[in-house]
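> build me a model:
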Amino acid sequence: MQNFIHNIPTQVLFGKGQIENLTSVLDRFGKKVLLTYGGGSIKKTGLYDDVMKRLNDGGFTVVECGGIDPNPRITTVEKGAQLCKENEIDVVLAVGGGSTIDCSKAICAGAYYEGDLWQMVLHPETIKKALPLVDVLTLAATGSEFDIFGVISNMETKEKIGSKLGFPAVSICDPTYTFTVPANQTAAGSADIMSHIMEVYFSQRENSDMSEGMCENILKSVIKNLPIALKEPENYNARANLMYASTLGCCGMPGYGKDLSSWSCHGMEHELSAFYDITHGVGLAILTPRWMEHILSDKTVGRFARFARNVWGLEDSDEYELAKKGIQALYDFFKESGIPMTLTEIGIDEEYFEKMAEDAVKYGGLEDAYVPLTKEDVVAIFEACL
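Here you go, the predicted structure:
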């Protein structure tokens, strides 16, 4: 079991009605608030009105930065950071899913950053100070509510980079805010949660019992609760378990004691969504079973057999056959959840495979993955996804 350092400074307020604590939380940081949100779903659901009433009643000055894209752009980060500087903002309040929170992390850092903010994303070690971030989560997916990472896209250069931009100070996680999330987004978000776990679960080191059990049980919880949430969108327990899985999924704890390695499927998917602006979870769902098939070998078969046995409850006396059954079970689960399972279905062909594969290895550090991947490996995986 490897050494690890636990340092997650985020306070999580989880459960129905935690929005009641919003103004007291914000009061810790100041009265000038930058409110960030996405395409407007929070206005349709009434959450925007509820938040604004609480802010107005609490005597806060509010500046808005709406319209954050599902793959947040550096141009929006620049806009938000400038608003913070011009209005002497004290705290950023992000209301939305992972994209809004990711963008807001970069805005918080950018508010004090002198220079090119894309260089800040590329070189997060240069960040010295950031505004505090409070978020109200509306989608179970990325885990950005409880981790240090933010993923930002530069559409001009076709780059999508995950960087250590900062932890939220406080995250308000009310599962009822996910009741109105459409089925396709619920499924894609759940694929993202599962991917976060699988990226650390597939490791050569197998003697971290706590982490192994945590990974397997989070995966089983998503497998159990996603079909319920799709059938019964307002099932509180299903939505709560998915949100809790999201919050744990990317915080680092499921990987404590295991070998640290680059995330293969995330490295490849970031290139797909950088070039084609697709939904992150959909790209991960398409890639993951094909990646598994590509790296299945004498070296990895034991780990995949364990995945099939402990996560899916499958059995076979032949480890290779058992491993293949587990991979097929994952593919079938995504497909039955309504996720398109080929790149062709989402309008992607082989035109940019060579360039995307080159960048995936370069920016994703895939030479340091669970099974190291070359450019040729990545092209082969992309081709298998067509």
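
> what distance do you get for the residue nearest to I127 when sequence neighbours are not counted to L34?
Closest residue in space to I127, ignoring its immediate chain neighbours: A109 at 4.7 Å, by CB to CB, 6 or more residues apart in numbering. Where you see a C-beta, it was placed from the backbone N, CA and C, and this is true even at glycine. According to CB to CB, to the nearest Å, A109 and L34 sit 13 Å apart.

> where does the stretch 151-300 of the chain dip in pLDDT?
Residue ranges of the stretch 151-300 of the chain with pLDDT under 70: none are present.

> what do you get if the cut-off is 90, keeping everything else the same?
Along the stretch 151-300 of the chain, the model assigns pLDDT under 90 to residues 203-208, 258-261.

> V95 touches V51, doesn't it?
Yes: in this structure V95 lies within contact range of V51 using CB atoms under 8 Å: 5.8 Å.

> residues shared between the contacts of those two?
35, 42, 136 (CB atoms under 8 Å, 6 or more residues apart in numbering).

> elements contacting the strand or helix carrying I193?
Per DSSP states H and E, I193 falls inside helix 183-201. Applying 3 or more CB pairs under 8 Å, 6 or more residues apart in numbering; DSSP states H and E, one finds that helix 183-201 contacts helix 209-231, helix 236-249, helix 264-276, helix 280-295.

> count the neighbours of the nearest residue to G66 once chain neighbours are set aside for me.
Spatial nearest neighbour of G66, excluding adjacent residues (CB to CB, 6+ apart): Y37 at 5.1 Å. Y37 has 25 neighbours, counted by other CB atoms under 10 Å.

> how about Y37, phi and psi?
Note on Y37: backbone dihedrals following degrees, to the nearest 10 are phi -160, psi 180.

> isn't it right up against S99?
No: at 10.3 Å, Y37 does not count as touching S99 under the criterion of CB under 8 Å.

> can you list residues touching both of the two?
I68.

> leaving out chain neighbours, which residue sits closest to C250?
G143 (2.9 Å).

> who's in contact with that neighbour?
98, 193, 196, 246-251.

> for R205, see how far away it is.
22 Å.

> swap in K44?
With CB to CB as the criterion, K44 and R205 are 46 Å apart.

> repeat that for A384.
Per CB to CB, A384 is found 28 Å from R205.

> for the one residue sitting closest to the centre of the chain, give its distance to E376.
In the chain, the residue lying closest to the centroid (CA atoms, centre = their mean) is T142, at 2.2 Å. With distances taken as CB to CB, T142 is found 30 Å from E376.

> same check on D359?
Counting by CB to CB, the gap from D359 to E376 is 14 Å.

> so for the two, which sits in the more crowded spot?
For D359 versus E376, the count of surrounding residues by other CB under 10 Å is larger for D359: 23 against 11.

> is it true that that one touches E159?
Yes: counting by CB under 8 Å, E159 is a contact partner of D359 at 7.4 Å.

> quick revisit: redo the shared contacts of V95 and V51 as JSON lines? Include neighbour count, secondary structure and pLDDT.
Shown next, in JSON lines, are these (neighbours: other CB atoms under 10 Å; DSSP: H, G, I helix; E, B strand; the rest coil; pLDDT from 0 to 100):
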{"residue": "L35", "neighbour count": "20", "secondary structure": "strand", "pLDDT": "98"}
{"residue": "I42", "neighbour count": "23", "secondary structure": "helix", "pLDDT": "95"}
{"residue": "V136", "neighbour count": "26", "secondary structure": "strand", "pLDDT": "98"}
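
> list just the nearest of the residues you listed to F60.
L35 (9.3 Å; CB to CB).

> okay, now the domains of the chain?
Using automatic domain parsing, the domain parsing of the chain gives 11-177, 183-384.

> in a markdown table, list the ones you listed along with distance to M1.
Formatted as a markdown table, the domains of the chain follow (distance: least, CB to CB, whole Å):
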| stretch | distance to M1 |
| --- | --- |
| domain 11-177 | 22 |
| domain 183-384 | 4 |
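
> who wins for proximity to I5 among those?
For these, proximity to I5 was assessed by CB to CB; domain 183-384 is nearest, at 9.2 Å.

> start to end distance for the closest one?
The stretch domain 183-384 measures 26 Å between its terminal residues, going by CA to CA, to the nearest Å.

> can you check stretch 141-148 too?
Stretch 141-148: ends 15 Å apart by CA to CA.

> distance between that stretch and the chain's centre?
Here stretch 141-148 shows a centroid-to-chain-centroid distance of 6 Å under the convention CA atoms, centre = their mean, to the nearest Å.

> returning to that earlier point: what is the three-state secondary structure of the residue nearest to the centre of the chain?
Secondary structure, DSSP: H, G, I helix; E, B strand; the rest coil: T142 is coil.

> per-residue confidence at it?
Confidence at T142, expressed as pLDDT, is 94.
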